[in-house]
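Trainee: what shape does this take:
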Amino acid sequence: MYTPRAFALEDLPQLQQLIQHTRLAQLVTVGEQGLQASHLPLLLNPDEGPNGTLYGHMAKANGQWQDLQNGGEALVIFAGADAYVSPAFYPSKAEHGKVVPTWNYLAVHAYGSAEVFTDPERLLRLVSALTDRHEGKRAEPWKVSDAPADYIEGMLKAIVGFALPIERLIGKRKLSQNRNAADIAGVREGLAASADVRDQTLARFISQGASE
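Mentor: The predicted structure is shown next:
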């Protein structure tokens, strides 16, 4: 990922926080079938290994797990908040007009080689943890144990789990840091005034960055 120094995010707790706030990741591998990608919800254990370890699963019918089993390096992309930045947001536009559109965004790329597993007990712990994470805020959370045991047993036979210790992380936080203070404020205010909740989310990140 091209990351100019002004946009580099290198603080491990912040990188891990962005990973944990991204609900769906993209797992990219290369193997006999060429490049393959899957969109997967993942769990991060931040305390396992120097950078943390990612856990996930995919359908056994999805041959991408064989790329992982073969030991090749995998790339996991965590795409965070993003927003289009209009030149109209910049006060400097009125001064000299030398402005163009851009895109602000947050992203983390994690690299590593994965261990593949099919042990039913380990898979059950994984799918239970994933379910609990995403059901946790519901008034009446659904649990894996709510389904018939024989049904879950059959479903576990149809998936493959993996653990991916993160060997290196590249983080990018592009929040108009290369602009002057007035332009940054203009971007923040412009995005905050948008009716699009995604723009509003990025505006909050810009506000947080300004307070650091």
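Trainee: partner residues bridging the most centrally placed residue in the chain?
Mentor: With distances taken as CA atoms, centre = their mean, residue 78 lies nearest the centre of the chain, 2.2 Å away. Applying DSSP bridges to residue 78 yields these beta-bridge partners: residue 108.
Trainee: surely it meets residue 105?
Mentor: No. Residue 78 lies out of contact with residue 105 (CB atoms under 8 Å); the separation is 11.2 Å. C-betas here are computed from N, CA, C, even on glycine.
Trainee: related to what we said a few turns ago, and the pLDDT for the residue nearest to the centre of the chain?
Mentor: The model reports residue 78 with a pLDDT of 98.
Trainee: what ranges do the helices span in this protein?
Mentor: 12-21, 64-69, 92-96, 120-135, 149-156, 181-192, 197-211 (DSSP state H).
Trainee: what's the closest of these to residue 52?
Mentor: With CB to CB, the closest approach to residue 52 among the helices of the chain belongs to helix 12-21: 5.7 Å.
Trainee: any buried residues in that closest one, and which?
Mentor: 15, 16, 18, 19 (16 or more other CB atoms under 10 Å).
Trainee: give the contact list for the last one.
Mentor: Residues near residue 19 by CB atoms under 8 Å, 6 or more residues apart in numbering: 25, 42, 44, 52, 54, 78, 108, 110.
Trainee: ok, back up a step: dump the helices of the chain to TSV, plus distance to residue 164 and mean pLDDT.
Mentor: As requested, the helices of the chain are arranged in TSV below (distance: least, CB to CB, whole Å; pLDDT from 0 to 100):
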stretch	distance to residue 164	mean pLDDT
helix 12-21	12	96
helix 64-69	8	96
helix 92-96	43	77
helix 120-135	12	97
helix 149-156	20	97
helix 181-192	33	96
helix 197-211	26	85
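Trainee: from those helices, which stretch is densest packed?
Mentor: helix 64-69 (a mean of 20; mean count of other CB atoms under 10 Å).
Trainee: which helices and strands sit right next to that one?
Mentor: strand 25-31, strand 34-40, strand 115-117, strand 159-165 (3 or more CB pairs under 8 Å, 6 or more residues apart in numbering; DSSP states H and E).
Trainee: residue 124 is nearest to which of those?
Mentor: strand 159-165 (9.8 Å).
Trainee: which secondary structure elements does that closest one sit against?
Mentor: strand 53-59, helix 64-69, strand 102-112, strand 115-117, helix 120-135.
Trainee: so that strand versus helix 120-135, what angle?
Mentor: Angle, strand 159-165 to helix 120-135, by axes from the mean of the first three to the mean of the last three CA atoms, to 10 degrees: 80 degrees.
Trainee: C-alpha coordinates for strand 159-165, PDB please?
Mentor: The C-alpha coordinates for strand 159-165 follow below in PDB (Å, rounded to 0.1, in the frame of the first residue of the first chain):
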ATOM      1  CA  ILE A 159     -16.100 -25.100   7.000                       C
ATOM      2  CA  VAL A 160     -12.300 -24.700   7.500                       C
ATOM      3  CA  GLY A 161     -10.800 -22.500  10.200                       C
ATOM      4  CA  PHE A 162      -7.500 -20.600  10.100                       C
ATOM      5  CA  ALA A 163      -5.200 -18.700  12.500                       C
ATOM      6  CA  LEU A 164      -3.000 -16.000  10.900                       C
ATOM      7  CA  PRO A 165      -0.300 -14.600  13.200                       C
END
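Trainee: alright, I will stop here.
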